[in-house]
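Visitor: Quick one, what's the 3D model for this:
(one chain, ligands or ions: 2)
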Amino acid sequence: MDINQIQMQRIKIPLKAPFITSFGAIKAKDIIIVRVFSDDEVGVAESVALPFPIANEETTDTVWYMLETFLIPELLEREVQEPKDVSDMFSYIRRNPMAKAALEMAVWDLYSKQKGQTLATALGGSRKEIEVGVSIGIEDSIEALLQKVEGFLEEGYKKIKVKIKPGWDIKPLTAIRKRFGEQIPLMADANSAYTLDDMKLLKELDMFSLMMIEQPLAYDDIIDHATLQAEIATPICLDESIHSAEDTRKALEINACKIINIKTGRVGGLTEAKKIHDLCQEKQVPVWCGGMLEAGIGRAHNIALASLSNFTIPGDTSASSRYFHEDIILPEVTLLKPGIIEVPTKPGIGFDVNNELINRLAVKEKVFTKKKSSFI
Ligand code: OSB
Ligand code: MG
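Guide: Ligands and ions are numbered 1, 2, ... in the order given. Take a look at the predicted model:
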């Protein structure tokens, strides 16, 4: 692929409103943009880590450190034929999936641009449009939550996901069902806020006919989730516990869940994301594409991934305007029709990068160049 230069650029982009979950509040997105250059093309990706290790163990700083110390220097020393090589190359490095993903996904973009294909096609996706939902944080009041749900339903979002935690579960879900009825596609995400001691309450959630409950128990657990899944009717969807196709295989083997949320960053990139997708397809387990409040570049990668055929449940990839006043891609992500995003048709991620905005938001930058062999 002739990668001869790699650039990291760190930007801070404010969210329209703080996003509150059971693990804390997120007010701005702190992003590392990675660009991989060959002579004629450039591939781009964004790191999805949060500034704090509250959802996952990585942070923007640990991603920067891993990229500059290990991942980028190693990639520049090696020959890469295809993105899978990057995934294989870094398999000896323990964890740090978001750092690996930021680089591997930029290579996927470059690879598809060099082939003149869309990223979706390069991944094997065939959907021209994807159905999307929206994730709603913990709100100050039930009325504020209901207003948000109403607005997103008006925009046609195909799945309403609400964050829950002990003390903010039965009440908001009851209020939503009461106001909007039994038919709206509703799910809850607990971000690991419960334990098996909460069994009585978790069983009560069955009365809301939720599409699923996402990661109710510990962030690193599958055993207790299997115990819980045997006791409740609501399908469990795993998010934080799944880092690989191997994790997925084990979780499915013990019936810890019935649905998987695939996040590119959490699983180390698109190669592993596709592996998880393929395994779930074979086992007839539906998947959907999760999010980490990505800005446009990450959103574009998610759209391409969600074009694969087993993404049968609407994902969290909402329009750019859900979180941002201004996005780092042009055009920004919009809904083509209610609850529908079009998979772009230009090569690679299919969106232009808004360099002007990125340069305005940039706080730090570093460029790495391939060392030329002294024999040439
Ligand atoms: O658990 O899915 C999650 C955001 C940050 C960290 C974890 C999660 C989330 C979301 C938002 O739910 C998904 C999105 O809209 O990008
Ligand atoms: Mg989640």
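
Visitor: How much space separates the nearest residue to Met89 once chain neighbours are set aside from Glu143?
Guide: In space, and not counting its chain neighbours, Met89 is closest to Arg78: 6.1 Å by CB to CB, 6 or more residues apart in numbering. Using the backbone N, CA and C atoms, a C-beta is placed for each residue, glycine as well. Plainly put, Arg78 is 56 Å away from Glu143 if you go by CB to CB, to the nearest Å.

Visitor: Repeat that for Glu104.
Guide: For Glu104 relative to Glu143 (CB to CB), the value is 43 Å.

Visitor: Which one of these two is surrounded by more residues?
Guide: Glu104 (29 against 10; other CB atoms under 10 Å).

Visitor: Name the helix or strand for the more buried one, please.
Guide: Glu104 is part of helix 97-114 when elements are defined by DSSP states H and E.

Visitor: quick one: is that helix near ligand 1?
Guide: No: figure legend: helix 97-114 not in contact with ligand 1 (CB under 6 Å from any ligand atom); closest approach 11.4 Å.

Visitor: Tell me what angle the longest strand along the chain forms with helix 97-114.
Guide: Counting residues, the longest strand found in the chain (DSSP state E) is strand 5-21. On the basis of axes from the mean of the first three to the mean of the last three CA atoms, to 10 degrees, strand 5-21 is oriented at 130 degrees to helix 97-114.

Visitor: Parallel or antiparallel, which strands does strand 5-21 pair with?
Guide: When pairing is defined by DSSP bridges, strand 5-21 lines up against strand 24-37 (antiparallel), strand 362-369 (antiparallel).

Visitor: So which bits of the last one are buried?
Guide: For strand 362-369, the neighbour count (16 or more other CB atoms under 10 Å) marks Phe368 as buried.

Visitor: next one: stretch 158-174
Guide: In stretch 158-174, counting by 16+ other CB under 10 Å, buried: Lys158, Lys159, Ile160, Lys161, Val162, Lys163, Ile164, Lys165, Trp168, Asp169, Pro172, Leu173.

Visitor: Check the average confidence over it, would you?
Guide: For stretch 158-174, the mean per-residue pLDDT is 98.

Visitor: now that stretch, how far from the chain's geometric center?
Guide: 21 Å (CA atoms, centre = their mean, to the nearest Å).

Visitor: Excluding residues flanking it in the chain, which one is nearest Val42?
Guide: Spatial nearest neighbour of Val42, excluding adjacent residues (CB to CB, 6+ apart): Arg35 at 5.3 Å.
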